[in-house]
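Student: coords below, sequence missing:
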């Protein structure tokens, strides 16, 4: 990597990381150069861009001298799968397509309040303003909500090593008025929408609706104001109508926060983020928020002990999305693995604990398989020293350490290939074969062409007949495919003899699909059969290298570009990747609505699915 400018010199081995918090109105960007360190922070208005890519390119144009490999974006939107369509902005995009267009190795898209919830366990007291009484219960569930352009909702559930965050759209629950005034506001909203959610009223646009409704109810001829003008008029000018709007708004927010607290059992506290409440400052402490929060009838005592906080730090969204990206990279590329942590902490350990650390670093898999007595003997220390070593790293004991350590080793294999040598033990040989395969799968996952897979699933889901053409090592993959798709009640055949390819292709027609599998993609008989099938109106799905003649002649290419010399060696990893593509298509067919409706018999159940 080229030498970085001073403002983006980084503690990460693979360079700075791009982080963003993208709402419906504003997008905040930063380059993370170390844990908790954010450079080149920039706020952009989303209205000035016509899509996510122009927005990202504009920010990145200011950093053309920086090579970025990893990025994570928090989005004020539900995130489910590769394709994202924003709720409050007419933007839609494929995550993988954006990743490839920007040349990134990693691009994560997460819900903004999922990211916010991920940041909360790391917040310090100076980052929070407590409103009302209550004390958090350690290691308890916490709730998160916050009004901005919409109303974000999430939560955090404690685990043995952190928190699991909830991907929630709780802002869209029905709004419930608590008095005549709020019912009048609801009636005003009903004139625009048949369904009025909390987000419609407890948000920036919702504050404007409250302002109009209360002006009409009070018989006040008030000018139209946006949320910023309402807040300024209330807090600076003491405008009576705007003050009433804020009081009503904060009461509604208190009721929504209370509902979230009892729904989750959030004894770890309720945390309020978003763009509106922090602007209310100290006034919010004396607003109706806390009184309405505790006004829970028979459950007032239950909820009175739950603390409520306003998040005041400006970088909380970056903290959350950075944590999610870090966890993702730790599981994929070995970044910040437990081994790295042991190396960093080793000088701070006692001499005896350092011997245990050296053993772990030199023979990690051996340590996983040895009991405590064996580890103590190999490191020449006592068994209590082994326990102290584990606790120095923050684990409860050896069992807890081994659990996390095994996960770290399994999930942190860098993309690489280690040759098996004649001198390798069976243990090393086994580990290398598995590691090489897993490494190739992880790299393969990052290079998948999602659109091609979508098209392939569509073709096989609607196929009148599927025929698999393959020879040699690929024939095993074709046999697996024939078995799976025949179980879906699709007429399926397999041809593994090059002399039969052309004869079979002569019988095909529109609506039929050929799945041609070949590492080289250069077999003349296979290419001739594919040409015949296409000429007859059939579609061809090629599972082959992306630059092969077979790929060029196919309707859809599912590329397997793993470099494997199959002229000299028996290909092994390529076969696994080809099998994975068959599995992906099979799962896709299993969930395909159109195929399920057209089949009189239920399709075969797939173990990947929740049946």
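Tutor: Happy to help now that I have it. Quantities reported herein were computed from a predicted structural model and do not represent experimental measurements.

Student: buried residues in the helix or strand where residue 212 lies?
Tutor: Of the helices and strands defined by DSSP states H and E, residue 212 is found in helix 204-218. Buried residues in helix 204-218, counting neighbours by 16 or more other Cβ atoms under 10 Å, are found at 204-215. Every C-beta, even on glycine, is put in place using the N, C-alpha and C of the backbone.

Student: tell me the one of those residues nearest residue 374?
Tutor: residue 204 (61.9 Å; Cβ to Cβ).

Student: quick one: low-confidence residue ranges for the stretch 101-250 of the chain.
Tutor: 159-162 (pLDDT under 70).

Student: hmm, try it at 90
Tutor: For the stretch 101-250 of the chain, applying pLDDT under 90 flags the ranges 101-127, 138-139, 146, 148-150, 152, 154-171, 220-223.

Student: hmm, back to that, now the angle between helix 204-218 and the following helix or strand past the helix holding residue 212, please.
Tutor: Once the chain leaves helix 204-218, the next helix or strand it forms, by DSSP H and E, is helix 227-235. Put simply, helix 227-235 runs at 50 degrees to helix 204-218, going by axes from the mean of the first three to the mean of the last three Cα atoms, to 10 degrees.

Student: I'd like to know which elements helix 227-235 is packed against.
Tutor: helix 204-218, helix 240-264 (3 or more Cβ pairs under 8 Å, 6 or more residues apart in numbering; DSSP states H and E).

Student: tell me which residues in it are buried?
Tutor: Neighbour counts over helix 227-235 (16+ other Cβ under 10 Å) mark 227, 229-231, 233-235 as buried.

Student: just the closest of the residues you listed to residue 314, please.
Tutor: For the buried residues of helix 227-235, the nearest to residue 314 is residue 231 (17.8 Å; Cβ to Cβ).

Student: leaving out chain neighbours, which residue sits closest to the closest one?
Tutor: residue 279 (5.9 Å; Cβ to Cβ, 6 or more residues apart in numbering).

Student: close enough to count as contact, that neighbour and residue 232?
Tutor: No. Using Cβ atoms under 8 Å, residue 279 makes no contact with residue 232, being 9.3 Å away.

Student: burial measure for residue 125, as a count.
Tutor: For residue 125, the tally of surrounding residues (other Cβ atoms under 10 Å) stands at 8.

Student: quick one: it from residue 38, how far?
Tutor: 21 Å (Cβ to Cβ, to the nearest Å).

Student: thinking again about what came up before, in JSON lines, list the helices and strands packed on helix 227-235 along with distance to residue 70.
Tutor: Conversion of the helices and strands packed on helix 227-235 to JSON lines gives the following (distance: least, Cβ to Cβ, whole Å):
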{"stretch": "helix 204-218", "distance to residue 70": "32"}
{"stretch": "helix 240-264", "distance to residue 70": "31"}
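
Student: looking at those, which is nearest to residue 113?
Tutor: helix 240-264 (11.3 Å).

Student: run through who's touching the helix or strand following the closest one.
Tutor: Note on helix 240-264: by DSSP H and E, the next helix or strand toward the C-terminus is strand 270-272. Identification of contacts with strand 270-272 by Cβ atoms under 8 Å, 6 or more residues apart in numbering yields 116, 120, 128, 142-146, 253, 257, 260-261, 293, 306-311.

Student: picking that back up, quick check, nearest of the buried residues of helix 227-235 to residue 221?
Tutor: Closest approach between the buried residues of helix 227-235 and residue 221, by Cβ to Cβ: residue 233, at 14.7 Å.

Student: wait, what's in contact with that closest one?
Tutor: So residue 233 contacts 225, 239, 242 (Cβ under 8 Å, 6+ apart).

Student: now a ChimeraX select for only the buried ones of those.
Tutor: In ChimeraX, this line selects whichever of those come out buried by 16+ other Cβ under 10 Å:
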select :225,239,242
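
Student: which helix or strand contains residue 192?
Tutor: Going by DSSP H and E, residue 192 is not in any helix or strand.

Student: what is the neighbour count of it?
Tutor: So residue 192, with other Cβ under 10 Å, has 9 neighbours.

Student: pull the contacting residues for it.
Tutor: So residue 192 contacts residue 209 (Cβ under 8 Å, 6+ apart).

Student: for it, phi and psi?
Tutor: phi -100, psi -30 (degrees, to the nearest 10).

Student: that one and residue 24: what is the separation?
Tutor: Taking Cβ to Cβ, one finds residue 192 at 18 Å from residue 24.

Student: just to check, residue 296 is in contact with residue 306?
Tutor: No. Look at residue 296 against residue 306 with Cβ under 8 Å: they stay out of range, at 10.2 Å.

Student: show me which of these two is the more surrounded one.
Tutor: With neighbours defined as other Cβ under 10 Å, residue 296 and residue 306 compare such that residue 306 has more, 28 against 17.

Student: which ones are touching that one?
Tutor: Counting by Cβ under 8 Å, 6+ apart, residue 306 touches 134, 261, 266-267, 269-270.

Student: need those in CSV (columns: neighbour count and distance to residue 92).
Tutor: Compiled in CSV, these are given as follows (neighbours: other Cβ atoms under 10 Å; distance: Cβ to Cβ, whole Å):
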residue, neighbour count, distance to residue 92
134, 20, 42
261, 25, 35
266, 27, 34
267, 21, 39
269, 23, 36
270, 26, 33
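
Student: residues contacting the residue of the chain most remote from its centre?
Tutor: Residue distances from the centre of the chain (Cα atoms, centre = their mean) peak at residue 219, which lies 49.0 Å from the mean C-alpha position. For residue 219, the contact set (Cβ under 8 Å, 6+ apart) is empty.

Student: distance check, it against residue 208.
Tutor: Distance, residue 219 to residue 208, by Cβ to Cβ: 19 Å.

Student: got the phi/psi numbers for residue 106?
Tutor: phi -130, psi 130.

Student: wait, it sits on residue 324?
Tutor: No. At 11.2 Å, residue 106 does not count as touching residue 324 under the criterion of Cβ under 8 Å.

Student: please enumerate the shared neighbours of the two.
Tutor: Common neighbours of residue 106 and residue 324 (Cβ under 8 Å, 6+ apart) are residue 72.
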